[in-house]
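**Student:** the amino acid sequence is not available; the structure is as follows:
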């Protein structure tokens, strides 16, 4: 078992992270890429308002039999709140969430196989270590950025992993193109995350303003306009509002400008297409279909 986990190197030496843990230098959460997740800043009820299936997750986790596995899948477009909902769910239930982070690939172990294989095997080890940490406690494990594990890990190893671990696991993935059907069947519950509408994004921006204790920093009209123009995530809105708070307190009138410039930079960095005119209904309140078939001279009109 310890060989499969990569706890032993190809020279049959203990991995450095494990040695430091056994010597008392590292807690288990410092071994590799395991950490206790930060609680969500947005209430679960806000995130779950338009997702009635989220209440099923509360039921499943509250009634989970820790003698059996429970694998939950969040999948869909990046930046649609999968990780945030996971953290909010754990906070709502009052349970500890351990995060198995994506490896940077800088740490190598094993038998000299390729970097991709090394990273996958390291994440398998971290997931099993996290499950051991959760034994005899009411916890949940979050495997963020699980695309590589779900799409490329050897099927037998992945299926065994999903069956062996009895602590609930929330897997987060943007793509399932290469996930085997036999693996998909092992998920006890799944939720698809699609693009948010402008109204939904406006609601999220309001939540961010409330969470940061500046509910009236910008007007409702500005909230709607910004939400329509910038289809970014809650994290993007949070950064923009945080950057503008000092200007709001100083009353220098640059609040909207700072928010827009921050969102422009954020969207450009992440290659998010902005200024979607199909959603910018607030910019044309007097638009009417009757103007399409005009029976008079357009210049006169």
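**Tutor:** Received, thanks. Just so you know, these numbers come straight off a predicted model, no measurement behind them.
**Student:** what helices or strands is the helix or strand hosting residue 84 leaning on?
**Tutor:** Taking DSSP states H and E as the definition, residue 84 sits inside helix 82-93. Where contact means 3 or more C-beta pairs under 8 Å, 6 or more residues apart in numbering; DSSP states H and E, helix 82-93 is packed against helix 44-47, helix 54-62, strand 71-76, strand 96-100, strand 139-143, strand 169-173. Glycine gets a C-beta too; all of them are placed from N, C-alpha and C.
**Student:** how does it look with 6 Å?
**Tutor:** Contacting helix 82-93 under the criterion 3 or more C-beta pairs under 6 Å, 6 or more residues apart in numbering; DSSP states H and E are the following elements: helix 44-47.
**Student:** name the helices or strands packed onto the helix it packs on?
**Tutor:** helix 82-93.
**Student:** ok, the residue nearest to residue 96 when sequence neighbours are not counted - contacts?
**Tutor:** Take residue 96 and drop its neighbours on the chain: the residue closest to it by C-beta to C-beta, 6 or more residues apart in numbering is residue 139, 4.6 Å away. Contact analysis of residue 139 by C-beta atoms under 6 Å, 6 or more residues apart in numbering lists 95-96, 167.
**Student:** what's the closest of these to residue 69?
**Tutor:** residue 167 (8.5 Å; C-beta to C-beta).
**Student:** which SS class is that closest one?
**Tutor:** coil (DSSP: H, G, I helix; E, B strand; the rest coil).
**Student:** isn't it up against residue 132?
**Tutor:** No - between residue 167 and residue 132 there is no contact under C-beta atoms under 6 Å: 9.3 Å.
**Student:** separation between the residue nearest to the spatial centre of the chain and residue 242?
**Tutor:** Centroid-nearest residue in the chain: residue 83, 2.4 Å away (criterion: C-alpha atoms, centre = their mean). Residue 83 sits 19 Å away from residue 242, going by C-beta to C-beta, to the nearest Å.
**Student:** try residue 128
**Tutor:** From residue 128 to residue 242 the distance is 37 Å (C-beta to C-beta).
**Student:** comparing these two, which residue is more hemmed in?
**Tutor:** Ranked by neighbour count (other C-beta atoms under 10 Å), residue 128 and residue 242 place residue 128 first, with 19 against 14.
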